[in-house]
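Chemist: sequence unknown, structure follows:
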């Protein structure tokens, strides 16, 4: 397979809020499929360095492209399409991470792989995690969980922490919010619980969808029931990705939505605490 490497004029380091499109469109579909199956190449939107909000400590975050969810509140819709990412050889990705290993260890951080939905590129993801682990770097996977059955128990040994982006507990609400069924995500959450694998939940309070105390309560009860959830990141909806929807010519269903009030966020946090869940 002779893929062209990432354009050297486009830095891999960047922000998920950078709008990046068509960076991998020069890759023929046949080669794209072979790359996904081998894991020797990945399609990466960007690397963020110095993140303090994507796992424990200070993190390097690899943002992969491709996602099967169509979340109404998504702030990175340019990561939905695989070919919007840069084709990057595995070794280059490992090298990017390893150059920060001393600082990451000092700041009790590590590598987080996010997206998009990173399990859409599972072979590359596992090989990148294995490369990080070999360098003594902590690893975290930020996933919606719907493709969790792609991970074997052996694969999970290279993932120190799973950060589950659970969108909603109520099935029809989840379907309206993401376009997808939540049964696979919940099944993966329960599998991790059975394995006692360390996990966080990331839950976004979205106006008109998950901003009711009923839905918040269901998520809190689920987190308490699972027993392996070390903390919940309770996140308010924001409009930082609105410009991407506009630039991509996409109809943004939440363009007029207002972020939840501080009062509601405090009530939500208290609901999690009331069942013994650590919430941030």
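Modeler: Nice, thanks for sending it over. The structure displayed is predicted, hence computed values, not measured ones.

Chemist: residues near the closest residue to residue 229 other than its chain neighbours, how many?
Modeler: Nearest residue to residue 229, sequence neighbours excluded (Cβ to Cβ, 6 or more residues apart in numbering): residue 223, at 4.6 Å. All C-beta spots, glycine's among them, are computed from the backbone N, C-alpha and C. When neighbours are counted by other Cβ atoms under 10 Å, residue 223 registers 27.

Chemist: three-state assignment of residue 223?
Modeler: Of the three states, residue 223 takes helix according to DSSP: H, G, I helix; E, B strand; the rest coil.

Chemist: dump the residue contacts of it.
Modeler: 201, 229, 232, 272, 275, 277 (Cβ atoms under 8 Å, 6 or more residues apart in numbering).

Chemist: and the helix or strand where the first one lies, what other elements does it pack with?
Modeler: The one in question is residue 201. Under DSSP states H and E, the secondary-structure element containing residue 201 is strand 199-205. With contacts defined as 3 or more Cβ pairs under 8 Å, 6 or more residues apart in numbering; DSSP states H and E, strand 199-205 has these neighbours: strand 161-164, helix 183-195, helix 213-226, strand 229-236, helix 262-274.

Chemist: any weak-confidence spans in the protein?
Modeler: Counting by pLDDT under 70, the ranges of the chain that qualify are 1-25.

Chemist: Let's see that with 80 instead.
Modeler: Counting by pLDDT under 80, the chain has low-confidence residues at 1-32.

Chemist: hey, where'd the helices end up in it?
Modeler: Counting by DSSP state H, the chain has helices at residues 29-38, 90-98, 101-106, 122-134, 153-156, 171-178, 183-195, 213-226, 242-247, 262-274.

Chemist: Which of the ones you listed sits closest to residue 255?
Modeler: Across the helices of the chain, residue 255 has its closest neighbour in helix 242-247 (6.3 Å, Cβ to Cβ).

Chemist: what does the closest one rub up against?
Modeler: Contacts for helix 242-247 (Cβ under 8 Å, 6+ apart): 19, 75, 76, 77, 78, 251, 252, 255.

Chemist: contacting residues around the closest residue to residue 55 other than its chain neighbours?
Modeler: With Cβ to Cβ, 6+ apart as the criterion, residue 55 has its nearest non-adjacent residue at 4.0 Å, and that residue is residue 140. By Cβ under 8 Å, 6+ apart, the contact list for residue 140 reads 54-56, 59, 110-113, 159-163.

Chemist: how about 7 Å then?
Modeler: Applying Cβ atoms under 7 Å, 6 or more residues apart in numbering to residue 140 gives the contacts 55, 110, 112, 160, 161, 163.

Chemist: Help me confirm that residue 269 comes into contact with residue 234.
Modeler: Yes - assessed by Cβ atoms under 7 Å, residue 269 is found in contact with residue 234 at 5.7 Å.

Chemist: still on that earlier bit, quick one: strands adjacent to the strand holding residue 201?
Modeler: strand 161-164 (parallel), strand 229-236 (parallel) (DSSP bridges).

Chemist: picking that back up, in TSV: the helices and strands packed on strand 199-205, plus distance to residue 151.
Modeler: Below are the helices and strands packed on strand 199-205 laid out as TSV (distance: least, Cβ to Cβ, whole Å):
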stretch	distance to residue 151
strand 161-164	9
helix 183-195	8
helix 213-226	17
strand 229-236	18
helix 262-274	26
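
Chemist: Which of the ones you listed has the highest mean neighbour count?
Modeler: Greatest average neighbour count among the helices and strands packed on strand 199-205 goes to strand 161-164 (a mean of 22), per mean count of other Cβ atoms under 10 Å.

Chemist: Can you name the residues in contact with it?
Modeler: Contacts for strand 161-164 (Cβ under 7 Å, 6+ apart): 55, 140-143, 145, 189, 192, 197-202.

Chemist: cutoff 6 Å now
Modeler: 140, 141, 142, 145, 189, 192, 198, 199, 200, 201, 202 (Cβ atoms under 6 Å, 6 or more residues apart in numbering).

Chemist: Looking at the residues you listed, point me to the pair that's furthest apart.
Modeler: 140 and 189 (15.7 Å).
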